[in-house]
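>>> Below: sequence and its predicted model.
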Amino acid sequence: MTLPVKLVCTLCLVVCSAAVVEAQEKWLSFDGSTTSQSVQKVETAVNWETKGTENSSWFEQGLFGESSPDLTAQLADESSNSILLVQGAGGEAGGGGSGDLAAKSQNPISDLVSLPLQSNWDFGIGPGNDQRYIGNLQPVIPIKLNEDWNLINRVIIPFVNLPTGLDEQEHGIGNVVGQFFFSPRNAEKFIWGVGPTVQFPTASTPNLGAQEWAAGVDAVAVIQEGPILTGVLITQLWGSKGHSDPFLAQPFFNYNLPEGWFLNVSGEANADWTLPRDSRWSFPLGGGVGRVFPILGQPVNVLCRFAPYVISPDGGPDWQFRFQFNLLFPK
């Protein structure tokens, strides 16, 4: 494993293990005249000024457990003069917090503006066990069409570095792809979207992508049930010159844990129908861990994934490492 990859892996592990959800803190000072606020309930309210140890134990337990007091009890406690409200990243006090934001960031057609920066390293290519890098910049911008429909716009800009011979590399931009999904706004447990997709012939060289226009369709289906969010995204393109007819199916499964953590299993089944059957498919499939948390107040989603290639053409890669860093912009 090369030095840059080691550095990224180390950074990934440090960020995922050491990042602490930055809380937004709001102080409430009160006396007997403000006790009317006790109608409001906030699960994460704690008694900050206390002579005993019970409330400090609530704080040490992370504030989000069943033992967390509500605001009513704290406002009724005359032994204290103030409380601290802790608000999770991206959520209102007492709301879904980072868990809801994690689910939104995992849904490819949610109404969430985001900027994913995805880095993929493929290892074991060819007789020299070379490596390939594909970095995807994928801005996602949802547009509200009316009360019933959203248009989800996503652009995929690939940056590629691949081996082309003995100690030789090519690098540059691959073909840019625009994806557009029409999706119902009021869907809850079952969410779907469908629309057109377009490939622009922006590849720097023929090795980095077929230099032709292509158009096709894309569709996505998502099921969200409790902590589970799973689904599949399918894209089919047809090249204008017949040099390439790429197909991509991306299944994904996420299990969301407390404090913004989540487990991920995902893969990318790639095919090009213009290639011979024995070299048509490649399919990395693996698992990883991620977390949603703020950095200096900016919500981000960080994911690390290790994926062996279930299917790979002759001379193709053996396994893949992914580091993904998403900037999230909740409304």
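Good, I have the coordinates. Numbering: from 1, shown residues only.
>>> now the strands for the stretch 51-200 of the chain?
Along the stretch 51-200 of the chain, the segments classed as strands by DSSP state E, counting those that start in this stretch run 82-87, 113-125, 130-137, 140-144, 149-165, 168-173, 176-184, 190-200.
>>> Pairing partners for the longest one, with directions?
Using DSSP bridges, strand 149-165 pairs in its sheet with strand 130-137 (antiparallel), strand 140-144 (antiparallel), strand 168-173 (antiparallel), strand 176-184 (antiparallel).
>>> weakest of those in terms of mean pLDDT?
For the strands paired with strand 149-165, mean pLDDT drops lowest on strand 168-173, to a mean of 91.
>>> what's around Gln224, how many residues?
By the other Cβ atoms under 10 Å criterion, the neighbourhood of Gln224 contains 21 residues. For the C-beta atoms, the positions are set from N, CA and C on the backbone; glycine is no exception.
>>> got a pLDDT number for the residue lying closest to it once chain neighbours are set aside?
Spatial nearest neighbour of Gln224, chain neighbours left out: Lys189 (5.7 Å); criterion: Cβ to Cβ, 6 or more residues apart in numbering. Reading off the per-residue confidence, Lys189 sits at a pLDDT of 91.
>>> Check Gly99 too.
Per-residue confidence (pLDDT) for Gly99: 71.
>>> Relative to Leu296, how far out is it?
Noted for Gly99: a distance of 21 Å to Leu296, by Cβ to Cβ, to the nearest Å.
>>> ok, now Phe253?
Distance, Phe253 to Leu296, using Cβ to Cβ: 31 Å.
>>> repeat for Ile125
Ile125 sits 38 Å away from Leu296 when distances are taken as Cβ to Cβ.
>>> same check, this time on Ile191
Distance, Ile191 to Leu296, by Cβ to Cβ: 31 Å.
>>> Settle it for me: which of those two has more neighbours?
Ile191 (21 against 6).
>>> Tell me what the residue nearest to the more buried one when sequence neighbours are not counted is bridged to.
Computed as Cβ to Cβ, 6+ apart, the closest residue to Ile191 that is not its neighbour in sequence is Val222, at 4.3 Å. Taking DSSP bridges, one obtains Ile191, Gly231 as the residues bridged to Val222.
>>> hang on, the earlier thing: how about the strands of the stretch 51-200 of the chain, which one is nearest Arg280?
For the strands of the stretch 51-200 of the chain, distance to Arg280 was read as Cβ to Cβ. The smallest value, 17.3 Å, belongs to strand 113-125.
>>> got the angle for that closest one vs strand 149-165?
Using axes from the mean of the first three to the mean of the last three Cα atoms, to 10 degrees, the inter-axis angle of strand 113-125 relative to strand 149-165 is 30 degrees.
>>> Go through strand 113-125 and flag the buried ones.
By 16 or more other Cβ atoms under 10 Å, the buried positions in strand 113-125 come out as 114, 116, 118-125.
>>> and it, what's its mean pLDDT?
Mean pLDDT, taken over the full extent of strand 113-125, equals 97.
>>> Now do Ala210 against Phe306, distance only.
With distances defined as Cβ to Cβ, the gap from Ala210 to Phe306 amounts to 29 Å.
>>> These two - which one has more neighbours?
Each of Ala210 and Phe306 has its neighbours counted (other Cβ under 10 Å); Ala210 has more, 23 against 13.
>>> hang on, the earlier thing: export the strands of the stretch 51-200 of the chain as a markdown table, with columns for distance to Ala103.
Putting these into a markdown table (distance: least, Cβ to Cβ, whole Å) gives the following:
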| stretch | distance to Ala103 |
| --- | --- |
| strand 82-87 | 18 |
| strand 113-125 | 13 |
| strand 130-137 | 22 |
| strand 140-144 | 15 |
| strand 149-165 | 16 |
| strand 168-173 | 32 |
| strand 176-184 | 15 |
| strand 190-200 | 11 |
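>>> Compare these and give me the one nearest Pro284.
With respect to Pro284, and counting by Cβ to Cβ, the nearest of the strands of the stretch 51-200 of the chain is strand 113-125 at 7.8 Å.
>>> centre of the chain versus that closest one, how much separation?
For strand 113-125, the distance from its own C-alpha centre to the chain's C-alpha centre is 12 Å (Cα atoms, centre = their mean, to the nearest Å).
>>> What of stretch 248-265?
In terms of Cα atoms, centre = their mean, the centre of stretch 248-265 is found 8 Å from the chain centre.
>>> residues of that stretch that come out buried?
Counting neighbours by 16+ other Cβ under 10 Å, one finds that the buried residues in stretch 248-265 are 248, 250, 252-254, 256, 259-262, 264-265.
>>> Against Asp218, how distant is the closest residue to Ser183 other than its chain neighbours?
With Cβ to Cβ, 6+ apart as the criterion, Ser183 has its nearest non-adjacent residue at 3.5 Å, and that residue is Gly193. When Cβ to Cβ is applied, the distance between Gly193 and Asp218 equals 8 Å.
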